[in-house]
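J.: Attaching a predicted model along with its sequence, questions to come.
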Amino acid sequence: MRILVVGREGQVARSLAERASSHGVSVTLLGRPDLDLAAPASVIAALRSVGGDVIVNAGAYTAVDQAEREPELAKAINGTGAGAVAAAAAAMAIPVIQISTDYVFDGAAPEPYREDDQPAPLGIYGASKLLGEQAVIAATDNHVILRTAWIYSPFGKNFVKTMLRLARERDEIAVVSDQIGSPTSALDLADGIMMVCRHLLDRPDDPALRGTFHMTGTGSASWAEFAAAIFEQSARLGGPSARVRPIETAAYPTPARRPAQSQLDGSRLAAIHKVVLPPWRTSLENCVGRLLSEHSYQERSS
Ligand SMILES: NC(=O)C1=CN([C@@H]2O[C@H](COP(=O)(O)OP(=O)(O)OC[C@H]3O[C@@H](n4cnc5c(N)ncnc54)[C@H](OP(=O)(O)O)[C@@H]3O)[C@@H](O)[C@H]2O)C=CC1
Ligand SMILES: Cc1cn([C@H]2C[C@H](O)[C@@H](COP(=O)(O)OP(=O)(O)O[C@H]3O[C@@H](C)C(=O)[C@@H](O)[C@H]3O)O2)c(=O)[nH]c1=O
Ligand SMILES: [Mg+2]
């Protein structure tokens with residue numbers, strides 16, 4: 001199986017590349033300048049010239065606050081660009097997996113969101129990702145939209161790395177405790193994506209395997225609880241730690257509003273694709289351990 005991935009240095013793209021060999025698959029990463037999601041003509045040209053069995057779009061404009069100032073660019077990359085990837089998949093007669101987000105929901109629901117709950121994004125990033133979902137659905141039936149959330153990994157930018165950096169500088173960090181979601185390891189997500197890819201290729205005409213699914217780490221937390229767990233594990237391994245001061249969202253003003261409760265119900269994915277990702281604390285431990293060993297290596301060699 002040859003998987004074509006849109007995205008090169010991103011968390012999910014790099015995780016797919018790292019996990020490929022353990023699934024016996026080949027992964028090719030495509031990105032700028034060859035494939036620019038903001039330039040739709042480059043998308044089909046780049047995907048066609050490499051070729052593959054399935055496309056995973058892990059490329060996106062992910063700067064949630066900055067998107068409020070660059071709505072046209074965010075919508076071009078996450079909306080039109082995602083549609084161009086799906087149209088290319090349709091032209092190549094192969095399936096496409098589009099990665100989407102919990103931020104398509106407003107977070108007002110009391111319970112975890114199901115796939116058919118009404119999206120109502122609070123900010124430009126979420127709105128642009130919702131446009132992407134709609135563009136993929138319009139371009140091809142042979143798609144899976146995977147909504148995930150709160151991704152962390154040893155790669156790229158993420159909350160775990162931010163917290164470890166801040167803990168090296170401060171004793172106490174104020175973190176919002178009234179936004180609840182499900183931290184998701186990009187490496188676990190990569191494993192789940194590859195299982196879904198396999199099912200799509202094994203049963204090319206089965207509509208039940210297609211459509212929208214929720215895939216996050218098992219369990220939930222507030223950002224403050226997530227931060228506390230990061231420091232607990234870091235401290236245990238001799239890494240940096242800080243006190244977490246739980247605060248309300250109102251005390252941490254940001255350009256973009258974020259959902260208060262964006263847990264995603266994964267039962268459709270579990271029932272149909274038999275994929276359940278590990279508990280987030282277990283995977284966090286691996287990630288923190290790896291980040292600390294990479295950091296101490298860098299310090300020794302610099
Ligand atoms: N991060 C998170 O917490 C969550 C992310 N998601 C979704 O998961 C997917 C992967 O996210 P993640 O890996 O964390 O994102 P990252 O921000 O780590 O990576 C984004 C990737 O998109 C690429 N990219 C950005 N703009 C363009 C463009 N114009 N043309 C081509 N490639 C582009 C980047 O390329 P380059 O390397 O060149 O910068 C990078 O490889 C995205 O769809 C995101 O919306 C969903 C839920 C949570
Ligand atoms: C750094 C920091 C953040 N916060 C708050 C701000 C925000 O409400 C919350 C998370 O901050 P971040 O900006 O890291 O997270 P954010 O960029 O909102 O993360 C989102 O990214 C996109 C791409 C997604 O798709 C989402 O699933 C989600 O992962 O924590 C604090 O309270 N204290 C802090 O010191
Ligand atoms: Mg509901």
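T.: All right, it came through fine. Residues are numbered from 1 along each chain as shown. Ligands and ions are numbered 1, 2, ... in the order given.
J.: All the helices of the protein, residue numbers only.
T.: In the chain, helices defined by DSSP state H lie at 11-19, 40-50, 71-75, 81-91, 124-139, 159-169, 186-202, 223-236, 267-273, 280-301, listed in chain order.
J.: For ligand 1, find the nearest of those helices.
T.: Nearest to ligand 1 among these is helix 11-19; the distance by C-beta to the nearest ligand atom comes to 3.5 Å. For glycine as for every other residue, the C-beta is placed from the backbone atoms N, C-alpha and C.
J.: tell me what that closest one is packed against?
T.: Helices and strands touching helix 11-19, by 3 or more C-beta pairs under 8 Å, 6 or more residues apart in numbering; DSSP states H and E, are strand 2-6, strand 26-30, strand 151-152, helix 186-202.
J.: CSV for these, including mean pLDDT, mean neighbour count and distance to Ala38?
T.: Below are those laid out as CSV (pLDDT from 0 to 100; neighbours: other C-beta atoms under 10 Å; distance: least, C-beta to C-beta, whole Å):
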stretch, mean pLDDT, mean neighbour count, distance to Ala38
strand 2-6, 98, 24, 12
strand 26-30, 98, 19, 14
strand 151-152, 98, 26, 22
helix 186-202, 98, 22, 23
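J.: Give me the distance from stretch 77-93 to the chain's centre.
T.: Chain-centre distance of stretch 77-93: 18 Å, with C-alpha atoms, centre = their mean, to the nearest Å.
J.: Which positions within it qualify as buried?
T.: By neighbour count with 16 or more other C-beta atoms under 10 Å, stretch 77-93 contains the buried residues 77-90, 92.
J.: Also within reach of ligand 1: list those from the residues you listed.
T.: Ile77 (C-beta under 6 Å from any ligand atom).
J.: so Pro110 sits right up against Gln261, yeah?
T.: Yes. At 7.2 Å, Pro110 and Gln261 qualify as touching, with contact defined as C-beta atoms under 8 Å.
J.: If you count surrounding residues, which of these two has more?
T.: Remark: of Pro110 and Gln261, Gln261 carries more neighbours, 20 against 5, as counted by other C-beta atoms under 10 Å.
J.: Near ligand 2, which residues of the protein are found?
T.: Taking C-beta under 6 Å from any ligand atom as the test, the list of the chain residues beside ligand 2 reads 62, 64, 101-103, 149-151, 159, 162, 173-176, 179, 223, 252, 254, 258.
J.: 8 Å instead, please
T.: Taking C-beta under 8 Å from any ligand atom as the measure of proximity, the chain contacts ligand 2 at 60, 62-65, 101-103, 125-126, 129, 148-151, 158-159, 162-163, 166, 173-176, 179, 181, 223-224, 227, 247, 249, 252, 254, 256, 258, 262.
J.: are any of these buried, and which?
T.: 60, 62, 64, 101-103, 125-126, 129, 148-151, 158-159, 163, 173, 175-176, 179, 181, 223-224, 227, 247, 256, 258, 262.
J.: does stretch 10-20 come close to ligand 1?
T.: Yes. Stretch 10-20 reaches ligand 1 (C-beta under 8 Å from any ligand atom) through Gly10, Gln11, Val12, Ala13, Arg14, Ser15.
J.: Find the nearest non-adjacent residue to the fourth one, please.
T.: So that's Ala13. Gly7 (3.4 Å; C-beta to C-beta, 6 or more residues apart in numbering).
J.: Roughly how far does the one you found sit from Ile193?
T.: Separation of Gly7 from Ile193 (C-beta to C-beta, to the nearest Å) stands at 12 Å.
J.: Pro204: neighbouring residues, count only.
T.: Neighbour number of Pro204 under other C-beta under 10 Å is 11.
J.: Pro121 now?
T.: 20.
J.: Would you agree it is in contact with Ser100?
T.: No. The criterion here is C-beta under 8 Å, and Pro121 misses it with Ser100 at 10.8 Å.
J.: Find the closest residue to ligand 1 in the stretch 1-150 of the chain.
T.: For the stretch 1-150 of the chain, C-beta to the nearest ligand atom, closest residue to ligand 1: Gly10, 2.3 Å.
J.: That residue and Gly59 touch, don't they?
T.: Yes. Gly10 lies in contact with Gly59 (C-beta under 8 Å); the separation is 6.7 Å.
J.: neighbour count winner among the two?
T.: Neighbours per residue (other C-beta under 10 Å) separate Gly10 from Gly59, with Gly59 holding more: 27 against 24.
J.: circling back: ok, of the helices of the chain, where does mean pLDDT dip lowest?
T.: Confidence, taken as mean pLDDT, is least for helix 280-301 of the helices of the chain (a mean of 87).
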